[in-house]
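>>> everything below, folded, please.
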Amino acid sequence: MLASSSDLQKFISNATLKRDDQVKALAALGAKAQWAPLTQKFLGTLAQKRRLNALPSIINAVLGEIASHKGEVTAEVTAAHALDAAQVSNIAAALTKVLGKTVKVALKQDAAIMGGLIIKVGSKLIDSSVQAKLERLHRALKSSNTSQGQKKIREVA
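Model prediction:
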């Protein structure tokens with residue numbers, strides 16, 4: 001519900017609303033949406049403690065724990081262009097083989113990487129983008145030129 005409603009997103013991030021008003025609004029929304037009593041109480045507590053803005057992070061953390069318990073992991077894959085279903089499936093299969101866990105792929109598109117992929121799984125990052133390769137080449141050429149220049153200075157001296 002939070003992901004699909006910009007009004008709800010604005011509501012939880014609005015620090016100017018009074019606590020009691022937020023609690024009442026969430027109670028009314030919870031009754032209308034038929035949330036479980038525990039969910040209503042939890043959201044009411046967040047509103048009372050002025051922590052509603054942390055709700056997206058809390059949801060992501062809980063979803064991460066559930067996935068971890070199931071033996072699943074999410075890989076954030078950034079590509080320069082849209083990938084078709086077969087490509088996504090191949091990436092997921094390769095990561096599943098390497099990690100030994102079921103992998104779900106979350107796709108992002110960023111033309112700035114020019115080509116290749118950037119794959120992030122947890123704290124691990126695999127950057128095979130054209131942009132990263134060009135940056136490594138640039139650094140290598142720069143350090144090569146610097147070391148050759150110092151060598152020539154020593155020869156003259």
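>>> strands along this structure, start to end?
Under the criterion DSSP state E, strands of the chain are mapped to 72-79, 102-109, 117-121, 124-127.
>>> dump the ones you listed into a markdown table; add mean neighbour count and distance to A140 as well.
(Each C-beta comes from the backbone N, C-alpha and C, glycine too.) Shown next, in a markdown table, are the strands of the chain (neighbours: other C-beta atoms under 10 Å; distance: least, C-beta to C-beta, whole Å):
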| stretch | mean neighbour count | distance to A140 |
| --- | --- | --- |
| strand 72-79 | 18 | 24 |
| strand 102-109 | 14 | 28 |
| strand 117-121 | 18 | 20 |
| strand 124-127 | 12 | 16 |
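>>> of all those strands, which lies closest to V62?
Smallest distance to V62 across those (C-beta to C-beta): 13.6 Å, for strand 72-79.
>>> and the closest one with strand 102-109, angle?
Per axes from the mean of the first three to the mean of the last three C-alpha atoms, to 10 degrees, the angle that strand 72-79 makes with strand 102-109 is 30 degrees.
>>> give the pairing partners of strand 72-79; include direction for each.
strand 102-109 (parallel), strand 117-121 (antiparallel) (DSSP bridges).
>>> can you add distance to R19 and give the ones you listed back as a markdown table?
Shown next, in a markdown table, are these (distance: least, C-beta to C-beta, whole Å):
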| stretch | distance to R19 |
| --- | --- |
| strand 102-109 | 35 |
| strand 117-121 | 37 |
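>>> dump those to TSV, plus distance to E76 and mean pLDDT.
Compiled in TSV, the strands paired with strand 72-79 are given as follows (distance: least, C-beta to C-beta, whole Å; pLDDT from 0 to 100):
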stretch	distance to E76	mean pLDDT
strand 102-109	5	93
strand 117-121	4	94
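>>> and P56, which of those is closest to it?
Ranking the strands paired with strand 72-79 by proximity to P56 (C-beta to C-beta) places strand 102-109 first, at 15.2 Å.
>>> thinking again about what came up before, right, and the strands paired with strand 72-79 - which one's nearest S144?
strand 117-121 (26.2 Å).
>>> figure out how far that closest one is from the centre of its chain.
With C-alpha atoms, centre = their mean, to the nearest Å as the basis, strand 117-121 stands 11 Å off its chain's centre.
>>> any residues touching it, and which ones?
73-79, 91, 95, 99, 103, 110, 125-129, 132 (C-beta atoms under 8 Å, 6 or more residues apart in numbering).
>>> again, only using 7 Å
V73, A75, E76, V77, T78, A79, L95, L99, I126, D127, S128, S129 (C-beta atoms under 7 Å, 6 or more residues apart in numbering).
>>> much appreciated, bye for now.
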